[in-house]
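A.B. asks: below are the sequence and a predicted model; questions follow.
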Amino acid sequence: MKYFPFITLLYFAISHNSMAQSVEIDDSSVIQSYLIQVDDNTLLKGKIIELNADSIFLKLELLGNINISRKSNFIVEIMGGSTFRGELLEISNDSLLFDMTGLTNVWLKNTDVVKLTVLEWQDIGTEGYNIANQHKTRYLFSPSGYSLGEGNGYYQNIYGVINAVNYGVSENISIGFGADFVSLLNEGTPSVFITPKIGKQYNDNTYLGGGLLIGSLGIFDPNNPFIVLGYGVVTRGTENRNLTLAIGHSYGNKSLTSHVITLNAYSRISNRYGFVSENWLMKETAILAYGLRKFDKRISTDFGIAFISVKMNDTFDDSYRVAFPLPYLGWVINW
């Protein structure tokens, strides 16, 4: 019975159109008010009275009329106690239309709304994107200096066979685990790795971090190589345009012991697309990767190409040669 009001309200999504650009209603005709929380300390009865391309206008008891950014999201509590997060799309004299995260567009009667909590969604950088960059902590594989944040996480899949999960255990510390299970199909043992990381903002546009990559190319086979890679990282820029330099050293067998330098860049080119470059320089190998990222609020897809160069021998006068180009495909789900 707790979810019955919520389920019945889904019916309204069938019979209404999508967002109008500008709506102003006669607030005297709106009988029902509801609780609106606009910050941590202000909880007042009120109602939404106007909506345009830039702002949402609220009429609150004691405070009068105020306006908030159109990019604001809401936590909506309805009769019966159910809550959801959504973006306000349209209003009428007696209803509100929300884009419910992970579900669909739903009209809610004012009489069914118990409380609206305003979540200010800030403009990103100076461009005013209305989708925040939820994927700022990584490039294609290697990390940036941004921290994941407590309680946040993501699942990453590369080529359909490499799987990784990262989770923020605190505001500045995260832990990741990954595995490749395709080797099991060839009677092998899975490659596994763990990736603890620490990161902290140094100033407005500088983020510092460091971490480890500890892994094995076959965890149950003692003859397979084991590797430990330690690194420090600095990211300079904004969430939408940044450059990252990382320097580290890997320890393993002869072919895996090497200094490691990565130089990565990200540039947002539209509301849902960004350009990613990830470049590795090691003792015997160099990788230059370029890709396009398509994303929404939770899911991103990366597709591009990586050029892999391998050194012919140990002499310094022998240049790198291109071994092969390799297509890149990966996707990520954030929470």
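C.D. replies: That came in fine, so what should we check first? Residues are numbered from 1 along each chain as shown.
A.B. asks: lowest-scoring secondary structure element of this structure by mean pLDDT?
C.D. replies: Every helix and strand in the chain was compared by mean pLDDT, DSSP states H and E; the lowest is helix 4-9, with a mean of 38.
A.B. asks: how much space between Ile227 and Gly210?
C.D. replies: For Ile227, the distance to Gly210 equals 17 Å [C-beta to C-beta, to the nearest Å]. C-betas here are computed from N, CA, C, even on glycine.
A.B. asks: what do you get for Gly237?
C.D. replies: For Gly237, the distance to Gly210 - C-beta to C-beta - is 19 Å.
A.B. asks: just Gly248 next, same as before
C.D. replies: For Gly248, the distance to Gly210 - C-beta to C-beta - is 9 Å.
A.B. asks: identify the contacts common to those two.
C.D. replies: Gly230, Tyr231, Gly232 (C-beta atoms under 8 Å, 6 or more residues apart in numbering).
A.B. asks: list buried residues within these.
C.D. replies: Tyr231 (16 or more other C-beta atoms under 10 Å).
A.B. asks: and of the shared contacts of Gly248 and Gly210, the nearest to Gly178?
C.D. replies: Nearest to Gly178 out of the shared contacts of Gly248 and Gly210 is Tyr231 (C-beta to C-beta; 16.1 Å).
A.B. asks: which positions are bridged to the closest residue to the closest one other than its chain neighbours in the beta structure?
C.D. replies: Excluding its sequence neighbours, the residue lying closest to Tyr231 (C-beta to C-beta, 6 or more residues apart in numbering) is Gly248, at 3.0 Å. Beta-bridge pairing for Gly248 (DSSP bridges): Tyr231, Val260.
A.B. asks: also Leu288?
C.D. replies: Beta-bridge partners of Leu288, as defined by DSSP bridges: Asn279, Phe307.
A.B. asks: so where's the stretch 151-300 of the chain shaky on pLDDT?
C.D. replies: Filtered on pLDDT under 70, the stretch 151-300 of the chain yields the residue ranges 183-188, 218-224, 253-256, 297.
A.B. asks: next up, the contacts around Leu288.
C.D. replies: Asn279, Ala306, Phe307, Ser309.
A.B. asks: which residues of the stretch 1-150 of the chain fall in strands?
C.D. replies: 23-24, 34-37, 43-51, 55-60, 64-69, 73-78, 83-91, 95-100, 105-109, 113-119 (DSSP state E, counting those that start in this stretch).
A.B. asks: closest to Phe193 out of those?
C.D. replies: It is, among those and with distance given as C-beta to C-beta, strand 83-91, at 33.3 Å.
A.B. asks: pLDDT of that closest one, averaged?
C.D. replies: Averaged across strand 83-91, pLDDT comes to 85.
A.B. asks: now the angle from that strand to strand 64-69?
C.D. replies: Interaxial angle of strand 83-91 relative to strand 64-69 (axes from the mean of the first three to the mean of the last three C-alpha atoms, to 10 degrees): 100 degrees.
A.B. asks: starting at the chain centroid, how far to strand 83-91?
C.D. replies: The chain centroid and the centroid of strand 83-91 are separated by 20 Å under C-alpha atoms, centre = their mean, to the nearest Å.
A.B. asks: likewise stretch 290-299?
C.D. replies: The answer for stretch 290-299 is 9 Å, by C-alpha atoms, centre = their mean.
A.B. asks: same question for stretch 139-150.
C.D. replies: Put simply, stretch 139-150 sits 10 Å off its chain's centre (C-alpha atoms, centre = their mean).
A.B. asks: quick one: buried residues of it?
C.D. replies: So, applying 16+ other C-beta under 10 Å, buried residues of stretch 139-150: Tyr139, Leu140, Phe141, Ser142, Pro143, Ser144, Gly145, Tyr146, Ser147, Leu148.
A.B. asks: sorry, back to before: using JSON lines, lay out the shared contacts of Gly248 and Gly210 together with distance to Ile194.
C.D. replies: Shown next, in JSON lines, are the shared contacts of Gly248 and Gly210 (distance: C-beta to C-beta, whole Å):
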{"residue": "Gly230", "distance to Ile194": "13"}
{"residue": "Tyr231", "distance to Ile194": "14"}
{"residue": "Gly232", "distance to Ile194": "18"}
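A.B. asks: between the shared contacts of Gly248 and Gly210, which sits nearest Gly291?
C.D. replies: Tyr231 (21.1 Å).
A.B. asks: what's near enough to touch that closest one?
C.D. replies: Contacts of Tyr231 by C-beta under 8 Å, 6+ apart are Gly210, Gly211, Leu212, Leu213, Ala246, Ile247, Gly248, His249, Val260, Thr262.
A.B. asks: of these, which is the nearest to Pro190?
C.D. replies: Distances from Pro190 to the contacts of Tyr231, taken as C-beta to C-beta, are shortest for Leu213 (16.1 Å).
A.B. asks: so where does the closest one fall, helix or strand?
C.D. replies: Element membership for Leu213 (DSSP states H and E) is strand 206-216.
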